[in-house]
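Trainee: Sequence and predicted structure are below.
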Amino acid sequence: MAGQRLPVPRLEGVSREHFMQHLYPQRKPLVLEGLDLGACTSKWTVDYLSQVGGRKEVKIHVAAVAQMDFISKNFVYRTLPFDKLVQRAAEEKHKEFFISEDEKYYLRSLGEDPRKDVADIRKQFPLLAGDIKFPEFFKEEQFFSSVFRISSPGLQLWTHYDVMDNFLIQVTGKKRVVLFSPRDAQYLYLSGTKSEVLNIDNPDFAKYPLFSKARRYECFLDAGDVLFIPALWFHNVISEEFGVGMNIFWKNLPSECYDKTDTYGNKDPTAASRAAQILDRALKTLAELPEEYRDFYARRMVLHIQDKAYSQNFE
């Protein structure tokens, strides 16, 4: 049995005021059409990107298969000059390759020092940055990163969540995005921030029986579309053709809530990390008891968490 499928709403010509007052508080995905994104949607061809983006070395994911899996790491990291990456990612077959002639490429831009610096197109690709306008739907001081993404046709990224709100701007090409609510996390077989269910279109229900309960939200993005992905919403992305995208992440919580060492926007808030550590210690303490007692008190702990921490306002 497949899970419930729901379309992501699409709205055209949304103003900042309407978004912030009426749409943003709903904390649900939304496709925004017709925003002024600058000249990028027409200018960013393969030739233009190759010429203007230059020969800067970039670190990329290279995979022999279309479905990339961050848990099993079924890809390798390699470096290419930016212009070469663009040209190769736009090809179906490659004369030059690392693994195979039909390998897939994925760029997720990084800061100058990825351990200290966030990705920001204005710093890493200043000549291209002038072509794109960010939707100014949040305060400048909330800005966290602008992540440049380039994908080969057919590439599918694993299902994961981020801890900050973001806009996924589809500059060129087409993408399909499938999203799952944070409230369906218990059906997604999580390993850290990622789901173990790789093939979401034809899942192995014998291995992942609860996945059938997850409600699936789906949308297709064309050039110029902007998808609002609220923090903690799981998303799985397929590039239906060669395309260039941009993620704009911003801090929707006070800055002190976030891990200061997080340059990717995917480390859990510090309070959540502390709570997880405390829970781990509690479970280790329970392990000192015989199984019958451990089982009983673990169930009581689950009930206590449900009573004290869960939101009861289920949809």
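Mentor: Arrived safely, thanks for sending. This is a predicted model, so every value here is computed, not measured. Numbers count the residues shown, from 1 in each chain.

Trainee: Sketch out the low-pLDDT regions of this protein for me.
Mentor: 1-3, 311-315 (pLDDT under 70).

Trainee: Quick check: chain neighbours aside, which residue is closest to residue 191?
Mentor: residue 71 (5.1 Å; CB to CB, 6 or more residues apart in numbering). Every residue, glycine included, has its C-beta placed from N, CA and C.

Trainee: repeat for residue 56
Mentor: Among residues not flanking residue 56 along the chain, residue 82 sits closest, at 4.9 Å (CB to CB, 6+ apart).

Trainee: what's the answer for residue 205, then?
Mentor: residue 212 (5.9 Å).

Trainee: sec struct for that neighbour, please.
Mentor: helix (DSSP: H, G, I helix; E, B strand; the rest coil).

Trainee: ok, it touching residue 200?
Mentor: No - assessed by CB atoms under 8 Å, residue 212 is found out of contact with residue 200, at 11.4 Å.

Trainee: What degree of burial does the residue nearest to residue 205 show, as a neighbour count?
Mentor: Neighbour count for residue 212, taken as other CB atoms under 10 Å: 13.

Trainee: Next: residue 72.
Mentor: 11.

Trainee: And it, its phi and psi?
Mentor: phi -90, psi -10 (degrees, to the nearest 10).

Trainee: Using the three-state scheme, assign residue 302.
Mentor: Residue 302 is classified as helix under three-state DSSP.

Trainee: oh sorry, the question was meant for residue 24
Mentor: Assignment for residue 24 (three-state DSSP): helix.

Trainee: For it, give its distance to residue 110.
Mentor: Plainly put, residue 24 is 29 Å away from residue 110 if you go by CB to CB, to the nearest Å.

Trainee: This structure - how does it break down into domains?
Mentor: 5-257, 270-308 (automatic domain parsing).

Trainee: Tell me which of the ones you listed sits nearest to residue 263.
Mentor: Residue 263 lies closest to domain 5-257 among the domains of the chain, at 5.0 Å (CB to CB).

Trainee: For residue 106, pull up the helix or strand it's in.
Mentor: Using DSSP states H and E, residue 106 maps to strand 104-108.

Trainee: In its sheet, which strands sit next to that strand, and in what direction?
Mentor: strand 57-63 (antiparallel), strand 143-151 (antiparallel) (DSSP bridges).

Trainee: which other residues reach the following helix or strand past the longest one?
Mentor: The element immediately downstream of strand 143-151 (helix or strand, assigned by DSSP H and E) is strand 156-160. Residues from elsewhere that reach strand 156-160, judged by CB atoms under 8 Å, 6 or more residues apart in numbering: 66-71, 106, 151, 178, 180, 188, 193-195, 197-198, 200, 234-239, 266.

Trainee: orientation of strand 156-160 relative to strand 104-108 in degrees?
Mentor: Relative orientation of strand 156-160 versus strand 104-108 (axes from the mean of the first three to the mean of the last three CA atoms, to 10 degrees): 50 degrees.
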